[in-house]
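Enquirer: Here is the input, now give the coordinates:
(one chain, ligands or ions: 2)
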Amino acid sequence: MRKLYVFDTTLRDGEQSLGITLNVHEKIEVAKQLVKLGVDVIEAGFPASSPGDLESVRTLARELKGVIVCGLSRAVEHDIDSCAESLREAEYPRIHTGIAVSPVHMAQKLKLSPDQVLEASVAAVKHAKKYVGDVEFYAEDAFRSELTFLAKVLEKVIEAGATVVNIPDTVGYATPWEYAEMVTYVMNHVGNIGRAVLSIHCHNDLGMATANSLAGIMAGAGQVEGTINGIGERAGNTSLEEVIMAIYTQRSRYGIDTGVNTREISATSRLVSRITGVPVPAHKAIVGSNAFMHASGIHQDGVLKERTTYEIINPEVVGVPKNRIVLSARSGRHAFRHRLLELGYNMEQERLETLYQGFLQLADQKGEIFDQDLHAFVGGSVSEENNISIKQISVTTAGASSATATITLELDGDTMTDAACGNGPVDAVIRAIDRLVGEPVTLEDYTLQSVSRGKEALGEATVKVRCDDGGLVVGRGISTDVIEASARAYVNALVKVKKMADQIDRPAGDIITDEVTVFTRQ
Ligand code: KIV
Ligand code: ZN
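Expert: Ligands and ions are numbered 1, 2, ... in the order given. The predicted structure is shown next:
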């Protein structure tokens, strides 16, 4: 079987599009999970885009082992130099450089002639080769390019030393048969294509990114690029989990295999959703909460008789364990630990004990604890003390829209109380927190959703706050009380903003190691 290389760009094409700023700690958490998942390449960022991005890529390059760490650059020397600088400590560094090759991009965006683009492409690859052996070249908007020109550029960059050539459908315009035709054309018309891996990179503007990627793989591509949960520019990138599972379910048809550990898919999806604040739709293929639910009587009857009647994937294969035990306040440490292990959380004894105590409090409030509750609880629980914690919240409302909140916080060791009026309870709580913390941020987005089912369900609040420097930071909080969940989410975001501000004053390369807020009210 051929090997399909899996190139993850969640932290570059995914993050860049959301406008959110993930801190280094969050990026490392995602990247380490991607290593567990078994991707071959992690595109860690675009180092020339900001000093923060360069530092993040540098840290990931230093921390990650057993995986290719890649940085993106335009076909300009300064970008390539930044990439090389950030990748210096990587075990397996790759520079991903390139330029647009479609007529509209060359004429309107770059204002360059095709000959100038060809020259810049070759120069970029040669420059990158001075630093690393592994150089990937991207021909941006390849799908809308003239194929003869595309083939000429690819041939020249391979001659210059490119080890991988990437032919993106940058605007998500292709259909599967057209994308396959382009791959076939490249395979047949680029004389030296055998010396490089052909990579595909699709966007989902017409909802065909996964189908186009699979068509490209069938036509001979050796590397697929995409993101977890399909996050990315506009309608997103190819969902890697969809491509991986499409191949897994029909390996012999594709004649190719990935080295991915499919059992890590579910955990990776949840982590990316939690950290980016981008929810996964319930009906999303492979990772949606309904992806393995059978609702209609006929389907339930069929699945009970023989699972494969309506299930093409055994949920355990993607890391969704069978739901045999529902935990409650009567569950002992053993059952708690066992379920966490089944859900993919392996932690040391001390942390487990802290979590168990929090779990008992939660179970007292909530009664039954489902897997979704555990994911939310463990995913948001504290690993270290933070400089802001919520001590008490009380809210009074008068009519539908007017509310007063009084809140007590512990801030850098001092206990402080303040109150504010607002347009509803959540607004009042946020204003009261603002009065106490005084961080100059603007609330841009607020969502509240139920974690599991039933009237005792946990509420999960996600906020996005815009900082002074224009960056967006995500905060998340859970509680059986939705006002408290909202306050926790907001405080969680403020903790991150404060730590990012501190980081700017620190020496380069210092990692922020904690980003979550204290979740148990004391
Ligand atoms: O979509 C695209 O063309 C890209 C390139 C920069 C690789 O993301
Ligand atoms: Zn892209």
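Enquirer: Write out the residues of this protein neighbouring ligand 1.
Expert: 13, 138, 140, 166, 168, 170, 201, 203 (Cβ under 6 Å from any ligand atom). Placement of C-beta: from N, CA and C, glycine included.
Enquirer: The fifth one: how many residues sit nearby?
Expert: Counted with other Cβ atoms under 10 Å, residues neighbouring residue 168 total 24.
Enquirer: contacting residues for the nearest residue to it once chain neighbours are set aside?
Expert: Take residue 168 and drop its neighbours on the chain: the residue closest to it by Cβ to Cβ, 6 or more residues apart in numbering is residue 201, 3.8 Å away. Counting by Cβ atoms under 8 Å, 6 or more residues apart in numbering, residue 201 makes contact with 9, 138, 166, 167, 168, 169, 170, 225, 226, 237, 238.
Enquirer: Which one (most neighbours) among these?
Expert: When these are compared by neighbour count (other Cβ under 10 Å), residue 226 ends up highest, at 33 neighbours.
Enquirer: Restricting to C-alpha, output whichever helix or strand it is part of in PDB.
Expert: Residue 226 is located in strand 223-226, with elements delineated by DSSP states H and E. Output of strand 223-226 as PDB, limited to C-alpha atoms (Å, rounded to 0.1, in the frame of the first residue of the first chain):
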ATOM      1  CA  GLN A 223       0.100  14.100   0.900                       C
ATOM      2  CA  VAL A 224      -3.200  15.600   2.000                       C
ATOM      3  CA  GLU A 225      -3.400  18.900   3.900                       C
ATOM      4  CA  GLY A 226      -6.300  20.000   6.100                       C
END
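Enquirer: I'd like to know which elements that strand is packed against.
Expert: Applying 3 or more Cβ pairs under 8 Å, 6 or more residues apart in numbering; DSSP states H and E, one finds that strand 223-226 contacts strand 5-8, strand 164-166, strand 197-201, helix 209-218, helix 240-249.
Enquirer: average pLDDT for the second one?
Expert: Across strand 164-166, the average pLDDT comes to 98.
Enquirer: And the first helix or strand past that strand going along the chain, what's buried?
Expert: For strand 164-166, the following helix or strand on the C-terminal side (DSSP H and E) is helix 176-189. Residues 176, 179, 180, 182, 183, 185, 186 are the ones in helix 176-189 that count as buried (16 or more other Cβ atoms under 10 Å).
Enquirer: pLDDT added to the residues you listed, as TSV?
Expert: Formatted as TSV, those follow (pLDDT from 0 to 100):
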residue	pLDDT
176	98
179	98
180	98
182	98
183	98
185	98
186	98
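Enquirer: mind listing the helices for the stretch 201-350 of the chain?
Expert: Assigned by DSSP state H, counting those that start in this stretch, the helices in the stretch 201-350 of the chain fall at 209-218, 240-249, 251-254, 265-276, 297-305, 333-342, 349-366.
Enquirer: could those helices go into a markdown table alongside mean neighbour count and mean pLDDT?
Expert: Formatted as a markdown table, the helices of the stretch 201-350 of the chain follow (neighbours: other Cβ atoms under 10 Å; pLDDT from 0 to 100):
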| stretch | mean neighbour count | mean pLDDT |
| --- | --- | --- |
| helix 209-218 | 25 | 98 |
| helix 240-249 | 23 | 98 |
| helix 251-254 | 12 | 91 |
| helix 265-276 | 23 | 94 |
| helix 297-305 | 12 | 83 |
| helix 333-342 | 16 | 86 |
| helix 349-366 | 15 | 88 |
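Enquirer: any idea which helix is longest in the chain?
Expert: Longest helix of the chain, by residue count under DSSP state H: helix 482-505.
Enquirer: ok so residue 477 is a strand residue?
Expert: Yes - judged by DSSP: H, G, I helix; E, B strand; the rest coil, residue 477 forms part of a strand.
Enquirer: Please look at it and residue 487 and confirm they touch.
Expert: Yes - if you go by Cβ atoms under 8 Å, residue 477 and residue 487 touch, sitting 6.8 Å apart.
Enquirer: distance of the most centrally placed residue in the chain from ligand 1?
Expert: The centroid of the chain falls nearest to residue 272 when counting by Cα atoms, centre = their mean (3.7 Å). Distance, residue 272 to ligand 1, by Cβ to the nearest ligand atom, to the nearest Å: 18 Å.
Enquirer: mind listing what that residue touches?
Expert: Residue 272 touches 10, 14, 30, 227, 228, 229, 231, 278, counting by Cβ under 8 Å, 6+ apart.
Enquirer: Report the secondary structure state of the second one.
Expert: Classification of residue 14 by three-state DSSP places it in helix.
Enquirer: Enumerate every residue touching it.
Expert: 227, 228, 231, 232, 237, 272, 276 are the contacts of residue 14 under Cβ under 8 Å, 6+ apart.
Enquirer: Pull the most distant pair out of those.
Expert: For those, with distances taken as Cβ to Cβ, the pair at the greatest spread is 237 and 276 (13.0 Å).
Enquirer: between the two, what contacts are shared?
Expert: Residues touching both residue 237 and residue 276 by Cβ under 8 Å, 6+ apart: 14, 231.
Enquirer: I'd like the average pLDDT over the strand holding residue 226.
Expert: For strand 223-226, mean pLDDT rounds to 98.
Enquirer: Could you check how far residue 39 is from residue 226?
Expert: 10 Å (Cβ to Cβ, to the nearest Å).
Enquirer: Overlap of the contact sets of the two?
Expert: Common neighbours of residue 39 and residue 226, using Cβ under 8 Å, 6+ apart, are 7, 8, 240.
Enquirer: quick check, nearest of those residues to ligand 1?
Expert: Nearest to ligand 1, judged by Cβ to the nearest ligand atom, of the shared contacts of residue 39 and residue 226 is residue 7 at 9.9 Å.
Enquirer: that older thread, can you name every helix or strand that the longest helix of the chain contacts?
Expert: Looks like helix 482-505 contacts strand 388-398, strand 402-411, helix 425-437, strand 442-450, strand 459-466, strand 472-479 (3+ Cβ pairs under 8 Å, 6+ apart).
Enquirer: so whatever residue of the stretch 201-350 of the chain ends up closest to ligand 1 bridges to which residues?
Expert: Taking Cβ to the nearest ligand atom, ligand 1 has its nearest neighbour within the stretch 201-350 of the chain at residue 201, 5.4 Å off. Using DSSP bridges, the bridge partners assigned to residue 201 are residue 225.
Enquirer: so who does the nearest residue to residue 156 once chain neighbours are set aside touch?
Expert: Spatial nearest neighbour of residue 156, chain neighbours left out: residue 122 (5.1 Å); criterion: Cβ to Cβ, 6+ apart. Applying Cβ under 8 Å, 6+ apart, one finds that residue 122 lies in contact with 156, 157, 159, 160.
Enquirer: element containing residue 122?
Expert: helix 114-129.
Enquirer: Excluding covalently adjacent residues, which one is nearest to whatever residue of the stretch 351-500 of the chain ends up closest to ligand 1?
Expert: Proximity of the stretch 351-500 of the chain to ligand 1 (Cβ to the nearest ligand atom) peaks at residue 472, 20.2 Å away. Excluding its sequence neighbours, the residue lying closest to residue 472 (Cβ to Cβ, 6+ apart) is residue 20, at 4.3 Å.
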